[in-house]
Structures are given as C-alpha cells and as structure tokens.
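Enquirer: one predicted model, sequence on top.
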Amino acid sequence: MRIGLSLALVLVLVMPSLFIAVESRHDCTGDQCPVCKVITGAVQMEQQGADVPHVLFAAAPLLAAMTVACLVRAFLLAGDTPVSLKVRMDD
C-alpha cells in the first residue's frame, strides 16, 4: 500500500517535467501556440514550487480511493474461510 501511494505521489510530482521533456520539440504554430503556453505554465509552477499543494489536492481523491480499496481488501481477506477453518467438503 505504501509503495503504491509513494509511486502515485512521485508520478504526480514528476508529470510537469515529463510533459516539458516530451513536448520540447513540438511543431510550434506561432504566438498563440497552446503547447508553448502549457510549457510556460509548467515551468513557472516548477520554479515557484506552487504545483505541490495543488497537485496533492488534485491527487487526494485518488489516494483516498486507493486507501479505501486496500482497507476493503484487508477486511475481505481477514475473514474465516472454509480453507482457513480446515473444513472438509468431501463428506
């Protein structure tokens, strides 16, 4: 569970850098290029450090869903089963 949450957090924090790296050699259409605007915004967020709180706020529902899924799985697997009780079904 911790590994999944850690990987999700790292992925969310690294996404602006990955976008800049992938789109750095795009076909620019001029002054109103939407890709250039997004790259400029991503660079500004990384320089200001302002992306961390917003990204964590955006990732909170995903992290909550992962936590709930892990808890439900743990409760479902914690119950007694015929196998754990060693019940023979061949009578």
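Expert: Nice, I can see it.
Enquirer: give me phi/psi at the residue nearest to Cys33 when sequence neighbours are not counted?
Expert: Nearest non-adjacent residue to Cys33, counting by Cβ to Cβ, 6 or more residues apart in numbering: His26, 8.0 Å away. In this view, the C-beta of every residue, glycine as well, is placed from N, C-alpha and C. Main-chain torsions, His26, degrees, to the nearest 10: phi -80, psi 170.
Enquirer: His26 reaches Val35, doesn't it?
Expert: Yes. Using Cβ atoms under 8 Å, His26 is in contact with Val35, at 4.9 Å.
Enquirer: output the lowest mean pLDDT helix or strand found in this structure.
Expert: helix 51-78 (a mean of 72; mean pLDDT, DSSP states H and E).
Enquirer: off-centre distance for that one?
Expert: Relative to the chain's own centre, helix 51-78 is displaced by 10 Å; criterion: Cα atoms, centre = their mean, to the nearest Å.
Enquirer: which elements pack onto it?
Expert: helix 2-23, helix 34-48 (3 or more Cβ pairs under 8 Å, 6 or more residues apart in numbering; DSSP states H and E).
Enquirer: so which of those comes closest to Val87?
Expert: In terms of Cβ to Cβ, the element of the helices and strands packed on helix 51-78 nearest to Val87 is helix 2-23, at 34.0 Å.
Enquirer: return the set of buried residues in that closest one.
Expert: Leu9, Val12, Pro16 (16 or more other Cβ atoms under 10 Å).
Enquirer: can you redo the helices and strands packed on helix 51-78 as TSV with distance to Asp80 and mean pLDDT?
Expert: As requested, these are arranged in TSV below (distance: least, Cβ to Cβ, whole Å; pLDDT from 0 to 100):
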stretch	distance to Asp80	mean pLDDT
helix 2-23	27	76
helix 34-48	51	77
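Enquirer: figure out which of those helices is closest to Met66.
Expert: Evaluated over the helices and strands packed on helix 51-78, closeness to Met66 peaks at helix 2-23, with 6.1 Å, by Cβ to Cβ.
Enquirer: helices and strands around the closest one, which ones?
Expert: helix 34-48, helix 51-78.
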